[in-house]
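Visitor: Any chance you can model this:
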Amino acid sequence: MVHTLILVAHVVVAVALIALVLMQQGKGADAGAAFGSGASATMFGSRGSASFLSRTTAILAAAFFLSSLTLAYFATQTSAPRSVMERVQAQKPVGAPKNTGGPADVPQLPQNK
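Guide: Presented below is the predicted three-dimensional model:
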């Protein structure tokens with residue numbers, strides 16, 4: 001249950017991170033805003049969007065790294081047997097013969113010559 005919630009959050013954070021990175025302008029776009037191009041009339045102003053989007057990107061990147069590490073931790077954990085048959089197979093002694101159901105388990109009939 002927890003694994004599924006973290007996995008869904010991981011995918012949502014990844015999509016949001018991709019969207020935020022694509023929304024940001026490159027470093028060369030700041031020169032146009034300094035000389036009065038149309039970037040100063042944006043919703044966040046000429047400088048406000050850079051700090052807002054950069055901070056949000058950093059927070060989402062940290063959340064992505066944390067969810068990646070958590071999912072890696074869950075992937076390395078061994079799970080307990082879930083069914084009765086798995087418990088019985090796990091409790092077999094080491095020296096017990098294995099019942100594979102293969103040809104070695106079939107009794108051989110004597111051949112008449």
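
Visitor: as a whole number, average confidence for the host helix or strand of Ile18?
Guide: Here Ile18 sits within helix 2-23, counting by DSSP states H and E. Averaged over helix 2-23, pLDDT sits at 93.

Visitor: Please give me every residue in contact with Ser68.
Guide: Residues near Ser68 by CB atoms under 8 Å, 6 or more residues apart in numbering: His10. Where C-beta positions appear, they are placed from N, C-alpha and C, glycine not excepted.

Visitor: So which residues of this protein form helices?
Guide: Under the criterion DSSP state H, the chain carries helices at the ranges 2-23, 30-34, 45-76, 84-90.

Visitor: what would the ones you listed look like in CSV with distance to Gln111?
Guide: Formatted as CSV, the helices of the chain follow (distance: least, CB to CB, whole Å):
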stretch, distance to Gln111
helix 2-23, 56
helix 30-34, 91
helix 45-76, 53
helix 84-90, 36
